[in-house]
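> any chance you could fold what I've pasted below:
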Amino acid sequence: MKILVVGSGGREHAIAWRLAQDSCRPTLFCAPGNAGTAGLAENLPLAAEDVPGLLAWAQANRPDLTVVGPEVPLCLGLADAFSAAGLRVFGPCQAAARMEGSKLFSKEVMAAAGVPTARAQSFDSADAAVAALDSFALPVVIKADGLAAGKGVIIAQTREEAVAAVRSMLVDAVFGTAGAHVLIEEFLEGEEASILALVDGEHAVILPSSQDHKRIFDGDQGPNTGGMGAYSPAPVVTPDLLPVILDTVILPVVRELKRRGIVYKGVLYAGLMLGPRGLNVLEFNARFGDPETEAVLPRLGGDLIPALQACIDGTLRAELVQVRPEVAATVIMAAGGYPGAYAKGTPITGLEEAAQVPDSLVFHAGTALKDGQVVTSGGRVLAVTALGPDLKTAVGRAYEAVSKIHFDGAQHRTDIAHRAFNR
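The predicted structure is shown next:
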């Protein structure tokens with residue numbers, strides 16, 4: 001069996017690693033992949049956003065399954081192009097991917113489906129947006145409507161910060177066309193959690209819960225990043241909440257999209273806030289989360305490929321997803337300066353030593369091979385994951401593995417899973 005994994009980050013390395021564990025032992029290809037996937041798959045010199053190039057390769061090589069990692073190719077219609085060519089692809093169509101590609105569209109779907117979420121207004125005029133700020137309490141959330149690599153959300157503590165955020169998006173175009181519309185949204189108190197659900201157009205199966213750490217510094221301080229670590233399961237998502245999430249969040253969205261003629265197949269990711277106002281949805285993503293995937297997929301037992309195939313075929317059943325009892329923790333090692341400017345091409349050492357830590361896995365996120373040496377090539381460089389019988393053990397093993405790895409300027413949070421430990 002031949003499988004193509006599209007993407008180059010830690011999520012894609014984790015997906016490729018997990019698929020390689022399946023009993024059918026597939027032959028894997030990654031486009032473009034990274035230094036980590038090179039040990040599992042044949043890396044292809046094709047960018048994840050190169051839909052024509054990927055389609056041409058797939059038509060020539062006929063993979064049995066393509067798994068799309070990042071949101072950008074999905075929003076560009078990669079799944080549509082592959083399906084039209086008779087190729088089996090795991091990932092939502094372009095219309096369904098708007099659940100992530102447009103926060104305004106996502107809010108409209110949630111409202112129609114009765115999904116609980118924060119009050120929000122959208123604007124394409126900076127003056128109108130600034131005037132509307134007076135109707136929102138502080139802190140207030142400013143969101144770019146489109147894709148902004150996980151950095152298009154600003155929590156403004158003061159009106160001055162909110163005005164600056166609005167003007168940076170609508171006047172200075174810091175996020176380009178992604179910020180041509182902004183949402184002003186009320187701030188919700190509570191604890192965040194991530195829910196990934198496999199969806200076959202009608203049915204859904206929720207994967208183990210997780211919690212992401214979005215801020216760069218300990219104590220959830222500093223600017224937002226693409227994610228600095230994760231752990232699974234998230235204690236805030238109690239077992240009794242899972243059917244509630246399925247029935248009030250995931251399935252209503254799937255049904256509302258179907259009512260609009262949009263069949264959602266793939267992963268539907270719900271970013272949740274659990275607090276004084278109960279359960280609310282902060283955002284939807286149209287793919288596996290990153291770094292949540294690096295913590296969730298190692299917890300799945302059995303074979304994963306049949307579940308992905310069932311999503312395509314509309315035959316998904318809960319029995320196709322097996323969850324191991326161990327818990328997982330993931331620590332992101334990032335380049336110095338991230339999420340701002342950072343250096344590339346810095347040599348990385350200690351990867352073999354880290355792999356010797358019990359039940360540890362090192363997923364490459366922003367790496368490349370240069371003259372046989374693994375070097376940095378992105379802001380988030382490595383996702384170091386470990387499993388354990390309990391969270392303390394898993395976190396301890398992850399940090400032990402982190403301590404073995406070195407590259408100039410390396411930074412990481414030292415408090416992954418702090419909310420769970422402080423409960």
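> what separation do you get for residue 162 and residue 180?
18 Å (CB to CB, to the nearest Å). Just so you know, the C-beta spots here come from the backbone N, C-alpha and C atoms, and that holds for glycine as well.
> more neighbours: these two, which one.
The residue with more neighbours, out of residue 162 and residue 180, is residue 162; 23 against 14, by other CB atoms under 10 Å.
> quick test: name the residue nearest the centre of the protein.
residue 289 (1.8 Å; CA atoms, centre = their mean).
> secondary structure element for that residue?
Using DSSP states H and E, residue 289 sits within no helix or strand.
> and the gap between it and residue 13?
14 Å.
> and residue 322, how far is that from residue 359?
18 Å.
> which of these two has more neighbours?
Taking other CB under 10 Å, residue 322 and residue 359 do not tie; residue 359 has more neighbours (17 against 13).
> isn't that one up against residue 384?
No: assessed by CB atoms under 8 Å, residue 359 is found out of contact with residue 384, at 11.9 Å.
> what sits against residue 213?
Going by CB atoms under 8 Å, 6 or more residues apart in numbering, residue 213 touches 220, 227-230, 413, 415-416.
> likewise for residue 69?
5-7, 9, 11-12, 15, 48, 287-288, 290.
> do residue 260 as well
Residue 260 neighbours (CB under 8 Å, 6+ apart): residue 109.
> what bits of the stretch 51-200 of the chain have low per-residue confidence?
For the stretch 51-200 of the chain, residues meeting the criterion pLDDT under 70 lie at 150.
> so which elements touch whichever strand or helix holds residue 333?
Residue 333 is located in strand 327-334, with elements delineated by DSSP H and E. The contact analysis (3 or more CB pairs under 8 Å, 6 or more residues apart in numbering; DSSP states H and E) places strand 327-334 against strand 229-232, helix 292-296, strand 380-388, helix 391-404.
> return the most buried member of these.
Stretch with highest mean neighbour count among those: helix 292-296 (a mean of 32; mean count of other CB atoms under 10 Å).
> what's that one packed up against?
So helix 292-296, by 3+ CB pairs under 8 Å, 6+ apart, packs with helix 10-20, strand 191-200, strand 229-232, strand 327-334, strand 380-388.
> what comes into contact with it?
10-11, 14-15, 194, 196, 207-208, 210, 212, 227, 230-232, 269, 288-289, 328-330, 361, 363, 383, 385.
> for the nearest residue to residue 42 once chain neighbours are set aside, give its distance to residue 287.
Setting aside the residues directly before and after it, residue 42 is nearest to residue 29 in space (CB to CB, 6 or more residues apart in numbering), at 5.1 Å. Using CB to CB, residue 29 is found at 18 Å from residue 287.
> higher neighbour count, these two?
Higher neighbour count among residue 29 and residue 287: residue 287, with 27 against 23, using other CB under 10 Å.
> the more buried one touches residue 71, doesn't it?
Yes: using CB under 8 Å, residue 287 is in contact with residue 71, at 5.4 Å.
> give me the common contacts of these two.
Common neighbours of residue 287 and residue 71 (CB under 8 Å, 6+ apart) are residue 100.
> domain assignment for this protein?
2-93, 125-180, 191-323, 327-422 (automatic domain parsing).
> least reliable of those going by mean pLDDT?
When the domains of the chain are compared by mean pLDDT, domain 125-180 comes last with a mean of 91.
> what about the spatially closest residue to residue 11 that is not a sequence neighbour, neighbour count?
Distances taken as CB to CB, 6+ apart place residue 290 nearest to residue 11, at 3.9 Å, with adjacent residues excluded. Neighbour count of residue 290, defined by other CB under 10 Å: 29.
> then residue 92?
30.
> over to residue 248?
Neighbours of residue 248 using other CB under 10 Å come to 18.
> quick check, it in a helix?
Yes: per DSSP: H, G, I helix; E, B strand; the rest coil, residue 248 lies within a helix segment.
> now do the strands in the stretch 1-150 of the chain.
2-7, 27-32, 42-43, 65-68, 89-90, 120-123, 140-144 (DSSP state E, counting those that start in this stretch).
> whoops, I mixed them up, the stretch 251-400 of the chain
265-275, 278-285, 300-301, 322-323, 327-334, 360-364, 367-370, 373-376, 380-388.
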